[in-house]
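**Student:** I'll drop the sequence and a predicted model, then ask my questions.
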Amino acid sequence: MVVDYQILESVAKNIRQSIIKSVHAAGSGHPGGSLSAVEILTALYFYKMNIDPKDPKKADRDRFVLSKGHAAPVLYSTLAERGYFDKKHLMTLRKIGSMLQGHPDMKRVPGVEMSTGSLAQGFSASIGMALASKLDNSRSRIYTLLGDGELQEGLIWEAAMSGAHYKLNNLTAFLDFNGLQIDGTNEEVMNVKPVDEKWKSFGWHVIEIDGHCFKEIIDALIEAETIKDKPTMIIAKTIKGKGVSYMENNAGWHGKAPNDEEAKAALVELGGEADVR
Ligand SMILES: Cc1ncc(C[n+]2csc(CCOP(=O)(O)OP(=O)(O)O)c2C)c(N)n1
Ligand SMILES: [Mg+2]
């Protein structure tokens, strides 16, 4: 399939602007880890996955689980951009009564496959989905996204073990390797390195890429489909806050909304208008 990188880049820009607008409108939320994952979700939803926004529950669909559920703004913005629901919902983020709560709710949001937010549980669920898909002889593939701070959860490693044990070659995980967690670097809080050797020793096929380069993401996704006897972990080196210079590599933007002036500056930097509505 020919990949139109220009389209992917422009979709990613729109998604970044939606993240800023929705988090600004909410007055709270998680912009940093949303912005670091934009290219990964864009490549999945606009290039790779077998999905139909008009039929979100179709039987043989591929599934994406946002295990780092706090990055809900990137998932909602991507789903809206892909046509699962109207973009106007994005401005209701985190409001009482809105379907778009601070963490994704699979019972309310079209396209959300798993309710997540308690770190590591989504990854575990994705293992179950991949196993179920195999038992059903389904061609549905499962994709999931983990944060690097999330790797500090013990459950991750139980799930990693089962993924290899059951030879889940229909499961592809991404690690959003942005180096930061809630209040500092992973190295300061609880070192997770070396991540490549950990995943290899747990029996996974490991690919290391630049998580903001569409070509590398897509090549890795294609490679993952050729692996026959194990799941794949794509370690994606990313920048937390990517695209908004004052947020980049700054743990302070993990869970904080930009004010009016900051949001306007971010939108302009992202190629949009200084209009937060
Ligand atoms: C079980 C659990 N413990 C703690 C939290 C609070 N929490 C939310 S995000 C976060 C840091 C996650 O860091 P990382 O996985 O690196 O995410 P990213 O940098 O991609 O935003 C923490 C500790 C949580 N959501 N779930
Ligand atoms: Mg991180």
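**Tutor:** Cool, the structure landed. Numbering: from 1, shown residues only. Ligands and ions are numbered 1, 2, ... in the order given.

**Student:** and the longest helix belonging to the chain with ligand 1, contact?
**Tutor:** When the chain is parsed with DSSP state H, its longest helix is helix 5-26. No. Figure legend: helix 5-26 not in contact with ligand 1 (C-beta under 6 Å from any ligand atom); closest approach 12.4 Å. The C-beta positions use only the backbone N, C-alpha and C, and glycine is treated the same way.

**Student:** Give me the next element, helix or strand, following that helix.
**Tutor:** Using DSSP states H and E, the helix or strand that follows helix 5-26 towards the C-terminus is helix 32-35.

**Student:** Can you spell out which helices and strands pack onto that next one?
**Tutor:** Of the remaining helices and strands, those touching helix 32-35 by 3 or more C-beta pairs under 8 Å, 6 or more residues apart in numbering; DSSP states H and E are helix 5-26, helix 72-82.

**Student:** What residues does the stretch 151-277 of the chain have near ligand 2?
**Tutor:** 178, 180-181 (C-beta under 5 Å from the ion).

**Student:** Then the stretch 1-150 of the chain?
**Tutor:** Within the stretch 1-150 of the chain, the positions near ligand 2 by C-beta under 5 Å from the ion are 147-149.

**Student:** again, 8 Å this time
**Tutor:** 33, 36, 68, 147-150 (C-beta under 8 Å from the ion).

**Student:** And the furthest pair within the residues you listed?
**Tutor:** 36 and 150 (12.8 Å; C-beta to C-beta).

**Student:** between these two, which one's more packed in?
**Tutor:** Neighbour totals were compared for residue 36 and residue 150, and residue 36 leads with 32 against 23 (other C-beta atoms under 10 Å).

**Student:** mind listing what that one touches?
**Tutor:** Counting by C-beta atoms under 8 Å, 6 or more residues apart in numbering, residue 36 touches 176, 178, 211, 238-242.

**Student:** now, which of those lie close to ligand 1?
**Tutor:** Okay, of the contacts of residue 36 touching ligand 1 (C-beta under 6 Å from any ligand atom), that's 176, 178, 240.
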